[in-house]
Structure formats: structure tokens, C-alpha cells
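Visitor: here you go, sequence then predicted model.
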Amino acid sequence: MKRGCTQCGECLNVCPVYEIFKREEYAPKAKRLLMEPLDDMYGSGAEDALSWATVRELARMCAGCGRCQRACARKLSTADLLADARAKNPHWTQALWEVWIHRAGPLWPMAGKIAMLAPEPIVPENLRSLLETARALVDMPPCAPWMLLQPRESVQGKRVVLFRGCTAKNARPRWVQKTEKLLWAWGYDVLDPSGFTCCGGTLHHAGQYKAQESARNQNLEVWRSLGKPLVTTFCASCKHSLEEYAGLLTDEEGKEWKEKCQALSALLEKPRIETTGQAPSVIAYHQPCHWNAVDPDMPLLKLGLPGLKKGTGLCCGMGGILKMSNPGLSMKIARKCIEGFDPEARHVITGCSGCVMQLASAVPKGIEVRHWLDIVGIGAKA
């Protein structure tokens with residue numbers, strides 16, 4: 001057998017599922033101990049399809065956050081191992097998730113409004129997490145900007161295309177509008193992004209590999225057809241998924257793709273910051289899992305928001321297919337994450353579209369969760 005997990009236990013320190021249960025059988029290393037003998041790469045490679053009953057509980061106990069892979073000395077991805085198990089053992093929740101993400105996007109705002117009308121007493125406990133997430137799809141009223149951004153110098157017509165992501169495209173179009181205005185202010189030539197589809201990241205975690213491959217191929221063809229411009233996004237999860245496209249390409253094109261995939265905050269070079277006096281004194285910041293070791297948003301935000309305080313919690317619990325396959329656990333992880341914020345904070349900001357939806361569905365009343373695009377404006381030219 002090839003060497004897989006060494007059972008060192010480093011993943012226990014970063015796994016949000018283990019943080020909830022404190023039981024090693026739910027930790028990444030235990031999942032690998034049980035699953036690796038069934039995997040072609042590490043074990044005998046069972047030719048027959050695996051019994052879903054054998055792996056279902058393991059597969060629905062993973063947030064897909066990738067923290068275990070970053071902590072692992074061998075960089076093993078338990079989320080990928082479980083995605084393979086789902087791919088070999090299709091379940092109706094996977095197909096439903098694909099429909100919801102890939103095909104039902106235009107219906108998201110309607111679903112949110114319907115959820116707002118659902119009376120609490122009649123909603124079963126195991127469905128409340130999904131109901132609250134649907135309600136979070138309904139946008140909040142805009143707020144007055146806390147800080148104004150303006151470039152010190154123009155980038156002089158660099159070509160860029162915005163990867164909007166499913167959440168912004170379907171439920172938060174004003175994030176798209178704000179981003180386009182910021183890019184124009186910096187002097188970018190903003191191209192038409194309408195050909196892009198889902199980044200494919202959540203489809204991968206669901207084991208819907210054909211749908212993921214189709215999405216990736218479409219996005220790459222759009223990029224090529226536009227002349228291979230810069231690709232930017234304001235969603236950490238989308239950025240993470242897009243970067244992984246490089247592994248599908250030749251070394252030369254893969255390097256070019258990875259270099260041209262940039263976070264929005266990284267493109268807002270040399271900003272001039274003006275505070276408006278609207279910012280609260282204490283602001284909680286949720287760092288998305290998929291920013292990995294380098295978070296491009298927080299340095300920008302700290303320039304104008306000295307009261308910004310990063311939470312100490314782990315994953316928000318939105319990742320992968322967990323919201324569909326185990327909504328109760330997803331909500332428990334979200335609430336554990338919220339416990340890590342400053343108790344005085346009544347505003348939470350983050351740089352991931354999915355994290356906004358998840359945390360908004362779980363915070364106590366009186367606390368607002370917004371993307372950082374909601375709290376910035378464009379300053380007057382000097």
C-alpha cells in the first residue's frame with residue numbers, strides 16, 4: 001500500500017467538525033484511516049461501487065474547508081477523498097445540489113422571500129438551517145459607506161474580467177455593480193463577464209465531477225476568447241476554485257492563468273483611503289478558509305477600519321455540500337464560528353460570498369453580516 005495518512009493528528013487542531021464533537025472518529029485522520037484502503041491510490045482499489053451506507057456518515061461530516069490539507073505535512077485532502085466517495089456512490093442530495101447551484105440561481109431571491117413567510121413553529125428542527133440560509137438570500141438595505149477608496153494613480157487600461165460567482169450574480173447584484181465602479185475608477189478596461197458560469201468548487205465537493213468539468217471548460221474558453229485578460233473575483237471560495245484550473249492546463253498556460261487570477265482587493269493598488277465617520281467602533285472580521293495563508297482583503301480594510309478585529313473561530317460551515325447533506329451540523333459550525341467574534345461587535349464583514357450567506361443565517365438578531373464591498377464607497381478624485 002502506498003503511504004497515505006501518517007495519523008500524526010495535526011488536522012485535529014484545525015478541523016471544524018472535530019471542534020464540534022471532540023471525537024476522533026469524525027476527524028480527518030480517522031476518515032482517511034477508514035477510507036484509504038478503498039481508494040485506488042492508497043489501497044487495493046475496490047472495483048465494485050462502494051456501498052453508500054458504508055461511507056455516508058463520513059461523507060456528510062466534512063465542511064470541505066481545506067484546513068486539514070494545509071495542516072497536513074503530506075498535504076493530503078480528506079475533502080477530495082470524500083468527494084471521490086460521493087462520485088462513486090451517487091445520492092439524490094448531490095443531484096439536487098447541482099440543480100440548486102448550477103440551474104436554479106435565478107430563483108434564489110424568490111426562494112428567500114418565500115422562506116421569510118414561513119411560520120417558525122411549523123418548520124421541523126432539521127430544516128431550520130436551510131430555511132435560515134434561504135432567508136439570508138434576501139438582501140439587506142444598503143448602508144452608508146464606512147470608508148472611501150480612490151486610486152493614487154491609474155493602471156491605464158489594463159484589461160480585466162470579473163468572475164462574479166453564483167451568489168453575487170443571483171442574490172447580490174450590487175456587489176457586481178460596486179466592483180465594476182471600483183475597477184473603472186482605477187482605470188481598468190472591464191470586459192463582459194456574461195459567459196462565465198459556476199466556478200465548480202462546490203460541484204467538486206458534491207462529487208458531481210462531470211458538471212464541474214463542464215463549468216471549468218466553459219470558464220476557460222471564455223477567458224481565452226477574451227484574449228486571456230486578468231480575472232478578478234471578490235469571493236475567496238471562487239478564487240480558490242479558479243486557481244485550481246491551472247492543474248488542467250499546460251505548464252505555460254497554467255502559470256499564466258494562475259498569475260492572472262487576482263483577488264479584487266489586490267487589484268486596487270495604492271489606494272487613497274478616506275474615512276466617513278460611519279464605521280462602528282468594533283467590527284468583527286471573518287477570515288474565509290479559502291484565503292489560505294494569504295488574505296488580500298484584511299490589509300486593505302485595516303487601512304480605513306482600525307476597529308477591525310479578526311474572529312478566532314474556524315470555518316463558517318458553508319463549504320462544499322454540507323449545507324445540503326447535513327444542515328444541522330452546518331449550523332452548529334456557524335454558531336461555533338460566531339462565538340469567536342468580539343462580543344461587542346454588531347457588524348461582521350468578510351470577503352467570501354458563501355460566508356456572508358452562512359453567517360447571516362446564524363448570527364443573533366441585531367447583528368449584521370456584510371461583504372466588505374457593502375461598506376466601501378468611491379472617493380472623489382483629488
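Guide: In hand now; what should we look at?

Visitor: element containing residue 160?
Guide: Per DSSP states H and E: residue 160 is located in strand 159-162.

Visitor: on the C-terminal side of that strand, identify the next helix or strand.
Guide: For strand 159-162, the succeeding helix or strand toward the C-terminus, using DSSP H and E, is helix 166-171.

Visitor: just the CA atoms of that following helix, as PDB, please.
Guide: Included here for helix 166-171 are C-alpha records, laid out as PDB according to Å, rounded to 0.1, in the frame of the first residue of the first chain:
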ATOM      1  CA  CYS A 166     -23.200  32.400  -8.200                       C
ATOM      2  CA  THR A 167     -24.200  34.200  -5.100                       C
ATOM      3  CA  ALA A 168     -23.500  37.700  -6.300                       C
ATOM      4  CA  LYS A 169     -24.900  37.000  -9.800                       C
ATOM      5  CA  ASN A 170     -28.200  35.700  -8.400                       C
ATOM      6  CA  ALA A 171     -28.700  37.300  -5.000                       C
END
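
Visitor: for that helix, what is the distance to the chain centroid?
Guide: Helix 166-171 has its average C-alpha position 13 Å from the chain's average C-alpha position, going by Cα atoms, centre = their mean, to the nearest Å.

Visitor: enumerate every residue touching residue 268.
Guide: For residue 268, the residues meeting the contact criterion (Cβ atoms under 8 Å, 6 or more residues apart in numbering) are 149, 151, 182, 186, 300. C-beta here means a position set from N, CA and C on the backbone, and glycine is covered the same way.

Visitor: mind checking which helix or strand the residue lying closest to the last one once chain neighbours are set aside is in?
Guide: Take residue 300 and drop its neighbours on the chain: the residue closest to it by Cβ to Cβ, 6 or more residues apart in numbering is residue 265, 4.6 Å away. Residue 265 is part of helix 264-267 when elements are defined by DSSP H and E.

Visitor: show me which positions of that helix end up buried.
Guide: Judged by neighbour count using 16 or more other Cβ atoms under 10 Å, the buried positions of helix 264-267 are 264-265, 267.

Visitor: which stretches of the stretch 51-200 of the chain form strands?
Guide: Taking DSSP state E, counting those that start in this stretch as the criterion, the stretch 51-200 of the chain carries its strands at 147-151, 159-162, 189-191.

Visitor: mean confidence score for the last one?
Guide: This means strand 189-191. Averaging pLDDT along strand 189-191 gives 97.

Visitor: what residues does the next helix or strand after it touch?
Guide: In the C-terminal direction, the helix or strand that comes right after strand 189-191 (DSSP H and E) is helix 201-205. The list of residues contacting helix 201-205 from outside it, by Cβ under 8 Å, 6+ apart, reads 64, 79-80, 82-83, 86, 97-98, 101-102, 209, 211-212, 215, 237-238, 240-241, 244, 319-321.

Visitor: pull the distance from helix 201-205 to the chain's centre.
Guide: Offset of helix 201-205 from its chain centre (Cα atoms, centre = their mean): 11 Å.

Visitor: the next helix or strand after it packs against which elements?
Guide: As assigned by DSSP H and E, the chain's next helix or strand after helix 201-205 is helix 209-225. Here helix 209-225 is seen to pack against helix 92-102, helix 201-205 when contacts are counted using 3 or more Cβ pairs under 8 Å, 6 or more residues apart in numbering; DSSP states H and E.

Visitor: please consider this matter closed, and thank you.
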